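A.B. asks: Quick check, what structure comes out for this input:
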Amino acid sequence: MTYAIYTRSQPADAGCKADRKQYRRCLDFAARYRLGKSLPHYSDTLALSANGETNGLQNLFEDIRFGQIDGVIIEDTTFFGENSIRLMQIIDFFATHQTRIQVVRETVPCPKK
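C.D. replies: Predicted structure coming up:
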């Protein structure tokens, strides 16, 4: 099974520090669960198209469609979409293509009693 890492940070992060930190944490997660050592990296900060739009997620989707990627490691599910509708569309895409999602940290707070 081939896993990939997806990272995303703000365009203002010119040095891509957040990207590198996310990538490092995802690699550590992959090593801990023996998911691979050298994993492809898709990013919507580092990979910019000629017209200035980000294309990391689109490239990841394309490689999943062609069967090159079987699973994705991401630090936080909020990086997949700004709203719940977009997140559900992405999860549906992964389900359709039988792609696993490994989340490094869960950010949904527990309800207060």
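A.B. asks: Check which helix or strand residue 64 maps to.
C.D. replies: Using DSSP states H and E, residue 64 maps to helix 56-65.
A.B. asks: Give me the buried positions along that helix.
C.D. replies: By neighbour count on 16 or more other CB atoms under 10 Å, the buried set for helix 56-65 is 56, 57, 59, 60, 61, 64. No exception for glycine: its C-beta is placed from N, CA and C like everyone else's.
A.B. asks: Go through those residues and name the one nearest residue 79.
C.D. replies: residue 57 (8.9 Å; CB to CB).
A.B. asks: Residue 63 is in contact with the closest one, correct?
C.D. replies: No. The pair residue 57 / residue 63 is not scored as a contact, 10.9 Å apart, by CB atoms under 8 Å.
A.B. asks: pretty sure residue 97 is touching residue 64, no?
C.D. replies: Yes. With contact defined as CB under 8 Å, residue 97 counts as touching residue 64 (5.1 Å).
A.B. asks: sorry, back to before: centre of the chain to the helix holding residue 64, how far?
C.D. replies: The chain centre lies 10 Å from the centre of helix 56-65; the measure is CA atoms, centre = their mean, to the nearest Å.
A.B. asks: repeat for stretch 32-43
C.D. replies: 11 Å.
A.B. asks: List the buried residues of that stretch.
C.D. replies: For stretch 32-43, a neighbour-count test (16+ other CB under 10 Å) marks 35, 36, 39, 40, 41, 42, 43 as buried.
A.B. asks: what phi and what psi does the backbone show at the fourth one?
C.D. replies: This points to residue 40. Backbone torsions of residue 40, given as degrees, to the nearest 10, read phi -60, psi 150.
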